[in-house]
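Q: Could you look at this predicted model? Sequence included:
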Amino acid sequence: MVNVPRTSPIFLVLVLAAALQAQTGGILPLREVRPGMKAVGRSVFAGMKVEEFQVEVLGVLENAGPKQSIILARLSGAGLEKTGVMQGMSGSPVYYNGRLMGAVALSFPFSKDPIAGIRPIEEMLTVSPSTRQTAEVRFPYDGRDSLPRSQGLEVGPQRMMEIATPFWLSGFTRNTVDYFAPALRAAGLEPVQGVSGGGRAIQAAGASKTPLEPGSMISVQLVRGDLNVGADGTVTHIDGNRVYAFGHRFLAIGDTEMPFARSEVITLLASNNQSFKISTPREWLGAITQDRSVAISGELGKKADMIPLSIRVKSRGGSTREWSYKMDMVEDRLFTPLLVQMAVFSAIDATERSTGVSTITLRGQVLMDGAPAVKFDNIYAADLGAPQQVSAAIAAPVSAVLQSGFDALKLRGLDLDIEVSNEKKQLQLDSIWASQREVRPGESVEITATFAGEHGVEMMRTAKYQVPIGAPVGPLYFTVTDGPSANLSDFKQFLLTPPRSAPQLYDFLTGLHPNDRPYLRVWRSQPSWLVQGETMPSPPPSMAMALSHTATQQANALVASIEMPSAGFQFSGSKTVQVDVKE
């Protein structure tokens, strides 16, 4: 007899299998699955009633993925001959003689036949808590790049894919759906606008008299309120208060906390691409706590922490109009920044100022436990793409806080004020000059910059820099630049030497340069070193040798950074002038 450690994954699977044996007649091990077996599947096709459909096993695709196999089967009954395998069927349990075989999880896109891939239940039961993974933080930020790609496997000349998860977007503008749709689809999510009933319809737990059972449909709720986002699938198995569903990943984000509700099917929509269920959430049930490659798993009755988001938008033009949005969204390292980006983009797009010349002013704060609020006061002007800039700009610090791994920083909410106008309040750097071309240590040099904008607007900014006593002789460079360009240098430092503590991250976020003023950066063309997020210019040779093993070297050394006076314009452009330091 083999002794199995009581903390091993094998032990956990055996325990779960024993519980399943006691409740439903047991599981059907993959080794017993044979072609020609006639099985029964369960899913919801109307309302909340679980109905049966027929399953014929065609064969087993062994080792189709890393230590994963897929049961290939033909489905029939319940109208599946007409609709094919539908979005929303992911997780539909399949039984053979009362024993649970697995869950409908994969299909062939554009297939005329209802051929499905069934995820063996043995693989789904291996989903258990593990360490949360840290995602990559990027600046500049675009949440569309952070989504993982949908998984699939080759079956002859065709590719079998995870059944796309219906991703309901209620209250969002059409432009928002179109802008984010390519990345969502690549991640295996099928965006559908305005069909789901959204969070307003969700009732308290226990409100429904229909019991949750294998085959019931659920909706994972990501945003609830004036905007709503949900993703639908089917329950495969219930073990006490533990629920297993989907038969494939949602986004494979590991440990998570997302509320889920019972979902009611309103109707079925047959499509030449892939048919889907039109549904709406009804009753809150619990929280999804695990999102793994073979299934999602959650806990009945568990309340998920949600982050409140408040957005107020004012549009100025021929007349002034105002919009207000309040919602709660999941707290997740991957999803929350993307959802913030989508919500802000949609709020701006609703003002009908998303194309053409516009200026957007963003003010707000990110509320946290463990640190004062990170406040924002910025301006964005563009001929095209201003909503994209603003939505990505506010999502970036949210991403940094959630993905930092610092437990001391707990995101508690976002409060944003956005003002949109049809003017282009932008000033372009025209020229710069220095008050003198040569300077000695202890003396000052004044840098002047001129800016020009539309309709003949001109502006001048000056800054003074005193060369410190003992400064080395040689060229000293003065660059007048804008906020985004100044931030790029800080972003590089952030990526090369990420903050090692919560205070370092907070200092980085509060030190980002707004767009409403130019900046004077003083630097030398000589090596410097990044040490724990701080720049060390021109260290002695002995120290440089020691730093080469633990720090990052840069080609240029930043000597000083000086803010020039602000204005209600976005400053753009970058130019450099050289001044020689003499003995």
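A: Good, I have the coordinates. Numbers count the residues shown, from 1 in each chain.
Q: ranges for the helices of the stretch 51-200 of the chain?
A: Taking DSSP state H, counting those that start in this stretch as the test, the helices found in the stretch 51-200 of the chain are 80-83, 121-124, 174-186.
Q: So which of those has the densest surroundings on average?
A: helix 121-124 (a mean of 25; mean count of other C-beta atoms under 10 Å). C-betas here are computed from N, CA, C, even on glycine.
Q: how about the helices of the chain, start to end?
A: 9-24, 80-83, 121-124, 174-186, 335-349, 386-403, 483-496, 502-510, 541-547 (DSSP state H).
Q: Could you check how far F569 is from F451?
A: In this view, F569 and F451 are 8 Å apart by C-beta to C-beta, to the nearest Å.
Q: swap in I432?
A: For I432 relative to F451 (C-beta to C-beta), the value is 10 Å.
Q: repeat for Q274
A: Distance from Q274 to F451, by C-beta to C-beta: 53 Å.
Q: what about T497, distance to I296?
A: Taking C-beta to C-beta, one finds T497 at 36 Å from I296.
Q: just H455 next, same as before
A: From H455 to I296 the distance is 56 Å (C-beta to C-beta).
Q: For A449, list each beta-bridge partner.
A: Residues in a beta bridge with A449, per DSSP bridges, are I432, R461.
Q: Numbering from 54 from now on, please.
A: Yep, numbering from 54; the last one is A502 now.
Q: who touches A314 in this structure?
A: By C-beta atoms under 8 Å, 6 or more residues apart in numbering, the residues touching A314 are I255, I271, S272, Q274, G283, P334, R335, E336, W337, L338.
Q: wait, isn't the third one in contact with W337?
A: No - counting by C-beta atoms under 8 Å, no contact exists between S272 and W337, whose distance comes to 10.0 Å.
Q: Neighbour count: these two, which is higher?
A: S272 (30 against 23; other C-beta atoms under 10 Å).
Q: Can you list the low-confidence ranges for the stretch 154-303 of the chain?
A: 181-211, 247-262 (pLDDT under 70).
Q: Neighbours of S328, how many?
A: 20.
Q: sorry, back to before: quick one: the helices of the chain as JSON lines, columns for distance to E375 too.
A: Shown next, in JSON lines, are those (distance: least, C-beta to C-beta, whole Å):
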{"stretch": "helix 62-77", "distance to E375": "53"}
{"stretch": "helix 133-136", "distance to E375": "44"}
{"stretch": "helix 174-177", "distance to E375": "48"}
{"stretch": "helix 227-239", "distance to E375": "19"}
{"stretch": "helix 388-402", "distance to E375": "11"}
{"stretch": "helix 439-456", "distance to E375": "17"}
{"stretch": "helix 536-549", "distance to E375": "27"}
{"stretch": "helix 555-563", "distance to E375": "29"}
{"stretch": "helix 594-600", "distance to E375": "54"}
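Q: Lowest mean pLDDT across those helices, which one is that?
A: Lowest mean pLDDT of these: helix 62-77, a mean of 43.
Q: Which one of H508 and I349 is surrounded by more residues?
A: Neighbour totals were compared for H508 and I349, and I349 leads with 33 against 6 (other C-beta under 10 Å).
Q: separation between the more buried one and D285?
A: Relative to D285, and taking C-beta to C-beta, I349 is found at 12 Å.
Q: Overlap in contacts, those two.
A: Counting by C-beta under 8 Å, 6+ apart, the residues touching both I349 and D285 are V273.
Q: So what's the residue count around R493?
A: That count, for R493 with other C-beta under 10 Å as the rule, works out to 13.
Q: where does it fall, phi/psi-wise?
A: phi -110, psi 150 (degrees, to the nearest 10).
Q: Overlap in contacts, S272 and W337.
A: By C-beta under 8 Å, 6+ apart, the residues touching both S272 and W337 are F313, A314.
Q: Let me see the domain layout of the chain.
A: 62-177, 196-358, 360-474, 479-634 (automatic domain parsing).
Q: How far off centre is the first one?
A: Per C-alpha atoms, centre = their mean, to the nearest Å, the displacement of domain 62-177 from the mean C-alpha position of its chain is 30 Å.
Q: just the longest one next, same as before
A: Using C-alpha atoms, centre = their mean, the mean C-alpha position of domain 196-358 is found 15 Å from that of the whole chain.
Q: what's across from I615 in the sheet?
A: Residues in a beta bridge with I615, per DSSP bridges, are L573.
Q: what's the answer for the one 10 residues further on, then?
A: Residues in a beta bridge with S625, per DSSP bridges, are Q481.
Q: okay, now the closest residue to A99 other than its chain neighbours: neighbour count?
A: Excluding its sequence neighbours, the residue lying closest to A99 (C-beta to C-beta, 6 or more residues apart in numbering) is V318, at 5.6 Å. When neighbours are defined as other C-beta under 10 Å, V318 has 19 of them.
Q: Surely V318 and E104 touch.
A: No - in this structure, V318 is not within contact of E104 by C-beta under 8 Å, at 10.2 Å.
Q: shared neighbours, the two?
A: Common neighbours of V318 and E104 (C-beta under 8 Å, 6+ apart) are V97, F98.
Q: what residues are shared contacts of F622 and F504?
A: With C-beta under 8 Å, 6+ apart as the test, F622 and F504 both reach L480, M512.
Q: Can you list the low-confidence ranges for the stretch 404-553 of the chain?
A: In the stretch 404-553 of the chain, residues with pLDDT under 70: 405-409, 546, 548-549.
Q: do that again at 80, thanks
A: Low-confidence segments of the stretch 404-553 of the chain (pLDDT under 80): 405-409, 436-438, 458, 460-461, 542-552.
Q: How many neighbouring residues does S554 have?
A: S554 has 13 nearby residues by other C-beta under 10 Å.
Q: Phi and psi next, for N568.
A: phi -90, psi -10.
Q: And it, how close does it get to V526?
A: Relative to V526, and taking C-beta to C-beta, N568 is found at 36 Å.
Q: pLDDT value on the residue nearest to A99, please?
A: 90.
Q: List the contacts of the residue nearest to Q489 when sequence neighbours are not counted.
A: Counting by C-beta to C-beta, 6+ apart, the nearest residue to Q489 once its immediate chain neighbours are dropped is V498, at 5.9 Å. V498 is in contact with A487, S488, Q489, V492, K517, Y518, V520, F531, V632, counting by C-beta under 8 Å, 6+ apart.
Q: just to revisit the earlier point, could you dump the helices of the stretch 104-253 of the chain to JSON lines with distance to V110?
A: Shown next, in JSON lines, are the helices of the stretch 104-253 of the chain (distance: least, C-beta to C-beta, whole Å):
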{"stretch": "helix 133-136", "distance to V110": "16"}
{"stretch": "helix 174-177", "distance to V110": "14"}
{"stretch": "helix 227-239", "distance to V110": "30"}
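Q: Between the ones you listed, which one is closest to L437.
A: helix 227-239 (12.4 Å; C-beta to C-beta).
Q: and that closest one, what other elements does it pack with?
A: Packed against helix 227-239, as judged by 3 or more C-beta pairs under 8 Å, 6 or more residues apart in numbering; DSSP states H and E, are the following elements: strand 218-223, strand 242-246, helix 388-402.
Q: Please repeat the previous calculation with a cut-off of 7 Å.
A: strand 242-246, helix 388-402 (3 or more C-beta pairs under 7 Å, 6 or more residues apart in numbering; DSSP states H and E).
Q: report the angle between the axes of that helix and strand 218-223?
A: Angle, helix 227-239 to strand 218-223, by axes from the mean of the first three to the mean of the last three C-alpha atoms, to 10 degrees: 170 degrees.
Q: got a list of contacts for stretch 391-400?
A: Stretch 391-400 is contacted from outside by 196, 199, 225-226, 229, 232-233, 275-276, 280, 282, 362, 364, 366, 376, 378, 380, 382, 440, 443-445, 447-448, 451, 467, 469, 471, using C-beta atoms under 7 Å, 6 or more residues apart in numbering.
Q: ok, now stretch 516-526?
A: So stretch 516-526 is contacted by 492, 494-500, 573, 575, 613, 615, 617, 634-636 (C-beta under 7 Å, 6+ apart).
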